[in-house]
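Asker: Any chance you could fold what I've pasted below:
(one chain, ligands or ions: 1)
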Amino acid sequence: MNQLSQASLSSQAISLRKRASKALQHMSSMGLYTPKTKQVLRELLKSFDYNWEAIEADNYSVFVDALLSYDEEQGFIQKKVDPIQHDVIDENLEQNEGSVVDQPTPSRKRQRLQKKETTSKPFSDRGIPNEVAIQTHKSKEPQNTSGIANEASWRQDRPLLLSPLERFKGKDIVPDQMNMLHDEITPFSSRKQTLQKIPGSNSNQGSICLKMPKIESENDSIENCTPGNKNCAESADDISGSEESAVPIAIIYPDSPYSIVNGPAKKCLDENHSTLPKTNSESPSFPATYIDPSKKDTAESNHNDVTGLTNNDGISSIPVDSSKNVVIASSSKGEVRLSFALNGMNSEMCLPSLESVFRTVEERCLKSYKIIEPNFSFGSLLTEMCETLKELSESLEHERLVNITPRLDSQYNSNITPSSSKQNIFCDVSKTNGVLSSGMATAANHKSVLVDVRPMHDVNDIAKAEERMRISIVNEVSGEQFPPPFFYISRNIVIRNGHLDFSLARIEDVDCCSNCFGDCLSASTPCLCAKHTNGKYAYSSDGLVNKEFLDDCISRFHNPKQDLVYCKNCPIEKLKNEVIPESCKGHVVRKFIKECWVKCGCNKQCGNRVVQRGITCNLQVFYTAENKGWGLRTLDELPRGTFVCEYVGEILTNTELYERNQKGTTAKHTRPILLDAIWASDAALKDEDALCLDATYCGNIARFINHRCFDSNLIEIPVEVETPDHHYYHLAFFTSKKVEAFEELTWDYGIDFDDSCRPFQCRCGSRYCRGSRKKSRSSRSRAPVRQ
Ligand SMILES: C[S@@+](CC[C@H](N)C(=O)[O-])C[C@H]1O[C@@H](n2cnc3c(N)ncnc32)[C@H](O)[C@@H]1O
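Answerer: From the prediction side, this is the model:
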């Protein structure tokens, strides 16, 4: 060869060397490096006529694919090879093997293994008991610092080389061992599996390792490998085409909820004599909730919290309820959960750990879809899906609510008869519905979307038997038969983010009267619940608010200025999104009634429980003659201080209400109520604690109570029933004066008639009407100045 061609060959060799090195490094970074890797590369190069661009494309996807399918295809079609290139590559790969193995880029899989090796925690981050992982590792590769350790990690975590069907053929799935099942099925039919305890393992813990049988010609077991003895791994490789000598395929975890605690005798052996733990009649079948042992602490703290399922990786542990519903991922707050229903599972079947399922899916993704991003995590993908579902459904909700409003009216105006089309559908986008014992319902922590709404009213009872009393609908004035449709609810419901904590544990002994019995009002001394109203009950024995208390409430209402308090950081002003929020306009200091509740010793008929017993008056929804639309009236005479009803609606946070207002989804004819009693005293008020009630879509008869300036016959009083902290309370209406039968019930909305943004044309008819006074004032001010 002349000098020129020698130089050219040498530079070609350098370039090849670099590329080969890079390719192997890449495989190493993905945890795919084995001695076979270089062989695959070699054959790949031949097949591709040394077209490096093709091999390097898409993050070496061809190479990854070739590696994964190598076993199945038994190598590549040999092509004619340039001998020089072949030599260079061979030499290159030899060199690279060392460099790749000695200084591997930490891959995810490898990191996983490293964690298992180094951590002192009993369980690895993804839920594999470290003890098991270490034992497994020990049994295969004792503390080898050379390439063999990496070889072991490759083997332990390598992608599955067999088809899913083959992999699980005739096998039960072993908790956390799915990733190893591929090792059971080998090309060598003569292999037999034998039970063998892992050397050094504690037999009491029931850690069993199924050791792959030795090939007859093989003398050395893998346990005899000494650190640094590279030949050991290679000889194993030579014998079986890289199959391991000892592969733990069934390990029973000491604390695993699936484990059969009494050792080998209770393990179930399948037909092939593999030791696959099963649940059986002697062991609890599926636990009510599967808590990943590694997440035990957090899982326990979240035990009652359906949302507390994700770990740091966004991977859920697997809770299994009695119906074998397996939650596999969850959005951050648990609003959306992804679960599998395991139909037809019987107690004899075993459930794999979520960890092993994820890992297997990741490996299949790697193989099938060439997802070769080293940080790809299937668990995170599912969590991402939950988050996305939540976000999209939220935006959908807003769209729907906007779209539904006109539809409600159009349906209402149509001639559909109530009985034929009665169809109320709540499409709960996601989460749990529940009714709290205290008379508070949570309609999904979030959003319920009203779909195809046709809540036609029943003229005989607008409450549809939700209340103890029937409440009829009458229109003697116009042709309108019913009020616009809405969902009748007798208890407040949380619509999405509002925070309510009704745990009994929060009610301290001093905030309830657990020592009482029967009716507190008939006891000689007032109980602890009365301390909130200065040691006197707010109610008299005839069930009315007592005079002194009522006078005080009315007086405060009429002179609010003297009792106003101001927030440092007013939620209302904050929501206006001004650059510099305006200062708080003030909130009235409320006088509360504190009722006895479930933690008290008295009974439900106790005189200090009025609002929680619900409506007892004979009421009617009627169409007003004064052009105020529908109104509410009493059919019986009501004495002063009578409880009429509470204002019921959806509990929204201020932000949620603001969003509704912005989107125009709050109906004009309802008035959201701020539960602002405590705002001023809470400097760091969180949004989820600043609550209000909106009866636009869901409400009770209080949504029909019209406004009357000053001399209205109802007054609203906050009533504490379940929560002692006043973030949430009931707003109850009591008669502020004696009310005649058939008289309309009214309350003073506290309308600011100077607010030009919300003009209100008042038709209350009161001689004290602020609206008409304002009108006459402004007409006077507009009157031309007399010369
Ligand atoms: C809470 S709703 C009361 C029920 C309402 N009238 C209906 O037909 O559904 C409040 C709305 O009723 C009407 N309204 C209430 N009081 C009124 C009054 N004094 N003068 C005029 N309209 C009144 C207003 O349209 C107001 O927005």
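Asker: rest of the way, CA atoms for contacts and neighbours
Answerer: OK.
Asker: Let me know whether Asp676 touches Gly586 as I believe.
Answerer: No. In this structure Asp676 lies outside contact range of Gly586 using C-alpha atoms under 8 Å: 9.9 Å.
Asker: ok, these two, which is more surrounded?
Answerer: Taking neighbours as other C-alpha atoms under 10 Å, Asp676 and Gly586 compare with Asp676 leading, 24 against 17.
Asker: so that one, which of the three states?
Answerer: coil (DSSP: H, G, I helix; E, B strand; the rest coil).
Asker: Angles on the backbone of it, please.
Answerer: phi -100, psi 20 (degrees, to the nearest 10).
Asker: okay, now the residue nearest to Arg19 when sequence neighbours are not counted: neighbour count?
Answerer: Nearest non-adjacent residue to Arg19, counting by C-alpha to C-alpha, 6 or more residues apart in numbering: Trp52, 7.8 Å away. Per other C-alpha under 10 Å, the neighbour tally for Trp52 reads 16.
Asker: shouldn't Trp52 be in contact with Leu45?
Answerer: Yes. At 7.5 Å, Trp52 and Leu45 qualify as touching, with contact defined as C-alpha under 8 Å.
Asker: Where do the strands of the stretch 551-700 of the chain begin and end?
Answerer: With DSSP state E, counting those that start in this stretch as the definition, the stretch 551-700 of the chain shows strands at residue ranges 564-565, 587-588, 593-594, 619-623, 630-634, 643-646, 650-653, 673-674, 691-694, 698-699.
Asker: among the ones you listed, which is nearest the ligand?
Answerer: Relative to the ligand, the nearest member of the strands of the stretch 551-700 of the chain by C-alpha to the nearest ligand atom is strand 630-634, separated by 3.6 Å.
Asker: The closest one and the ligand in contact?
Answerer: Yes. Using C-alpha under 6 Å from any ligand atom, strand 630-634 comes into contact with the ligand via 630-631.
Asker: which residues are contacting that strand?
Answerer: Under the criterion C-alpha atoms under 8 Å, 6 or more residues apart in numbering, residues 483, 617-624, 701-702, 704-706, 739-746 lie in contact with strand 630-634.
Asker: got the angle between it and strand 619-623?
Answerer: 150 degrees (axes from the mean of the first three to the mean of the last three C-alpha atoms, to 10 degrees).
Asker: Just the buried residues of stretch 540-558, please?
Answerer: Across stretch 540-558, burial judged by 16 or more other C-alpha atoms under 10 Å covers 541, 543-546, 549-550, 553-554, 556-557.
Asker: swap that for stretch 572-588, please
Answerer: Result for stretch 572-588 [16+ other C-alpha under 10 Å]: buried residues 572-574, 584, 586-588.
Asker: what's the span of that stretch, first residue to last?
Answerer: This stretch, stretch 572-588, spans 14 Å end to end (C-alpha to C-alpha, to the nearest Å).
Asker: mind starting the numbering at 280 from now?
Answerer: I'll keep to 280 as the first residue from here, and by that count the last item is stretch 851-867.
Asker: average pLDDT across it?
Answerer: Averaging pLDDT along stretch 851-867 yields 79.
Asker: And for stretch 758-772?
Answerer: Mean predicted confidence for stretch 758-772 is 92.
Asker: Kindly check the end-to-end length of that stretch for me.
Answerer: 33 Å.
Asker: wait, does that stretch make contact with the ligand?
Answerer: No. In terms of C-alpha under 6 Å from any ligand atom, no part of stretch 758-772 sits within range of the ligand; the closest distance is 6.6 Å.
Asker: Give me the pLDDT for the residue nearest to Arg298.
Answerer: Per-residue confidence at Trp331 stands at 87 (pLDDT).
Asker: and the chain, which residues reach the ligand?
Answerer: 907-910, 947-950, 982-987, 1040-1043.
Asker: about what we covered before: derive a ChimeraX selection command for the buried subset of the contacts of strand 909-913.
Answerer: Here is the ChimeraX command that selects the buried residues among the contacts of strand 909-913 (16+ other C-alpha under 10 Å):
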select :762,896,897,898,899,900,901,902,903,980,981,983,984,985,1018,1023,1024,1025
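Asker: ok, back up a step: would you format the buried residues of stretch 819-837 as TSV with pLDDT included?
Answerer: As requested, the buried residues of stretch 819-837 are exported to TSV (pLDDT from 0 to 100):
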residue	pLDDT
Ser820	95
Gly822	97
Leu823	98
Val824	98
Asn825	96
Phe828	96
Leu829	97
Cys832	92
Ile833	92
Arg835	86
Phe836	84
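Asker: Output those in JSON lines, with distance to Ala969 appended to each entry.
Answerer: JSON lines is the format used below for those (distance: C-alpha to C-alpha, whole Å):
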{"residue": "Ser820", "distance to Ala969": "35"}
{"residue": "Gly822", "distance to Ala969": "31"}
{"residue": "Leu823", "distance to Ala969": "30"}
{"residue": "Val824", "distance to Ala969": "28"}
{"residue": "Asn825", "distance to Ala969": "30"}
{"residue": "Phe828", "distance to Ala969": "27"}
{"residue": "Leu829", "distance to Ala969": "27"}
{"residue": "Cys832", "distance to Ala969": "23"}
{"residue": "Ile833", "distance to Ala969": "25"}
{"residue": "Arg835", "distance to Ala969": "23"}
{"residue": "Phe836", "distance to Ala969": "22"}
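Asker: Now intersect those with the helices, please.
Answerer: 828-829, 832-833, 835-836 (DSSP state H).
Asker: Switch these over to JSON lines; also include distance to Ile786.
Answerer: JSON lines is the format used below for those (distance: C-alpha to C-alpha, whole Å):
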{"residue": "Phe828", "distance to Ile786": "24"}
{"residue": "Leu829", "distance to Ile786": "27"}
{"residue": "Cys832", "distance to Ile786": "26"}
{"residue": "Ile833", "distance to Ile786": "29"}
{"residue": "Arg835", "distance to Ile786": "29"}
{"residue": "Phe836", "distance to Ile786": "29"}
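Asker: Most proximal residue of the stretch 480-629 of the chain with respect to the ligand?
Answerer: Nearest residue of the stretch 480-629 of the chain to the ligand, counting by C-alpha to the nearest ligand atom: Glu614, 31.7 Å away.
Asker: you'd agree that residue is up against Thr662?
Answerer: No. Between Glu614 and Thr662 there is no contact under C-alpha under 8 Å: 11.5 Å.
Asker: Between these two, which is the more surrounded one?
Answerer: Thr662 (25 against 22).
Asker: so that one is in which element?
Answerer: Per DSSP states H and E: Thr662 is located in helix 657-692.
Asker: farthest pair in the buried residues of stretch 851-867?
Answerer: Greatest spatial distance in those: Lys853 and Val867, 18.7 Å, computed using C-alpha to C-alpha.
Asker: if we can go back for a sec, between the buried residues of stretch 819-837, which sits nearest the ligand?
Answerer: Looking across those and measuring by C-alpha to the nearest ligand atom, the closest to the ligand is Phe836, at 17.9 Å.
Asker: got the contact list for that closest one?
Answerer: Phe836 makes contact with no residue under the criterion C-alpha under 8 Å, 6+ apart.
Asker: Let me see the contact set for Cys885.
Answerer: Contacts of Cys885 by C-alpha under 8 Å, 6+ apart are 797-800, 875.
Asker: which one of the residues you listed sits closest to the ligand?
Answerer: Closest approach to the ligand among those (C-alpha to the nearest ligand atom): Cys875, at 29.7 Å.
Asker: Hmm, the closest one is touching Asn794, no?
Answerer: No. Assessed by C-alpha under 8 Å, Cys875 is found out of contact with Asn794, at 11.8 Å.
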